[in-house]
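*Asks:* what shape does this take:
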Amino acid sequence: MAFDLSGHIALVTGSTTGLGKGIALSLGRAGAKVALNYYNNSERAERALQEFKDAGIDARLYRANVVDPDSIGTMVTQIENDFGGCIDILVPNATPDQPHMPIEEYDAEFYQQMYDFFVKSPFLLTQAILPGMKEKGWGRIVNLGSEVYQLSVGNFSPYVAAKGGQTGWTRSMATELAATGITVNIVAPGWIPTERHENDPQEEKDAYFANIKMGRWGTPKDVGDAVLYFASEEASFVTGQTLCVNGGNSPW
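*Replies:* From the prediction side, this is the model:
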């Protein structure tokens, strides 16, 4: 069977809602054991876990702050003890709010928060799980980028800058780890409405939708299936790449 992840353990951060849950579902349906991560809203996290169990997926729930090294270390140890093996698929997906504002309205603290989630967190998570991947001689790291970097979106400078840094980090790590059997890639979604977008202005949604060449909204499953490809054996010769999942909205 293509894209069979049986025997693998996946950690998807921020995976009890939105795109993260869609990614974790795709990996779990392909046979991976899935570590679900959250930090806020325990009730929602428990509901998500039940959804995975109802789908027959071997999933467990872990609360951790993914920008704190001690919290990450504790979580990784728990996951590997619980599942009886090393994490060999890592998807750093957790994200804070991302307001659109002109540069005059941002502050340095917000810029730092974007860096923490999209550069520091993948770095800390990778450091924590890398020994197991190297020992196994197999690993998949799939970062969640964004089309905003390719589109150079304005009034969004901290997020775009952090995603640019994430892209550079991904490419550097892909080169560094290429000989070890570990690949590092990016899936870069467009605007895919999830729970966090429920209150977004309809006129903004309509304006974005007009540019989607395929004429439909993307779904969390679309993103999850792209991550599944990068996580699979079929993508073993693909590293350092960015796959935009946006219905043709990117100019290149």
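*Asks:* residues contacting residue 30?
*Replies:* Residue 30 is in contact with 3, 4, 5, 6, 228, 231, 232, counting by CB atoms under 8 Å, 6 or more residues apart in numbering. All C-beta atoms are positioned from the backbone trio N, CA, C, and that covers glycine.
*Asks:* among the residues you listed, who's most crowded?
*Replies:* For the contacts of residue 30, the largest neighbour count, defined by other CB atoms under 10 Å, is 29 neighbours, found at residue 231.
*Asks:* quick check on that one: phi, psi?
*Replies:* Main-chain torsions, residue 231, degrees, to the nearest 10: phi -80, psi -10.
*Asks:* report pLDDT for it.
*Replies:* On the pLDDT scale, residue 231 is placed at 98.
*Asks:* ok, it touching residue 27?
*Replies:* Yes - between residue 231 and residue 27 there is a contact under CB atoms under 8 Å: 6.3 Å.
*Asks:* list residues touching both of those two?
*Replies:* Shared contacts of residue 231 and residue 27, defined by CB under 8 Å, 6+ apart, comprise 5, 10, 89, 91.
*Asks:* can you pull the pLDDT of the last one?
*Replies:* The pLDDT attached to residue 91 in the predicted structure is 98.
*Asks:* tell me how far it lies from residue 125.
*Replies:* Separation of residue 91 from residue 125 (CB to CB, to the nearest Å): 9 Å.
*Asks:* between these two, tell me which one has more neighbours.
*Replies:* Set residue 91 next to residue 125 and count neighbours by other CB under 10 Å: residue 91 wins out with 30 against 26.
*Asks:* quick check: bridge partners of that one?
*Replies:* residue 12 (DSSP bridges).
*Asks:* pull the contacting residues for it.
*Replies:* 10-13, 15, 20, 23-24, 27, 141-144, 227, 231.
*Asks:* look up how far residue 58 lies from it.
*Replies:* To residue 58, residue 91 is 17 Å away according to CB to CB.
*Asks:* same question, residue 47
*Replies:* 18 Å.
*Asks:* with residue 79 instead?
*Replies:* Per CB to CB, residue 79 is found 12 Å from residue 58.
*Asks:* the two - which one has more neighbours?
*Replies:* Shown here are residue 79 and residue 58; by other CB under 10 Å, residue 79 has more neighbours (24 against 13).
*Asks:* for the chain, which segments count as helices?
*Replies:* Using DSSP state H, the helices of the chain run over residues 18-29, 42-54, 69-83, 108-115, 121-136, 147-151, 157-177, 202-209, 220-231.
*Asks:* what helices or strands is the last one leaning on?
*Replies:* The one in question is helix 220-231. Packed against helix 220-231 by the contact rule (3 or more CB pairs under 8 Å, 6 or more residues apart in numbering; DSSP states H and E) you find helix 18-29, strand 89-91, strand 139-144, strand 182-189, strand 242-245.
*Asks:* can you add distance to residue 215 and give the contacts of residue 30 back as TSV?
*Replies:* Shown next, in TSV, are these (distance: CB to CB, whole Å):
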residue	distance to residue 215
3	27
4	32
5	31
6	36
228	24
231	28
232	28
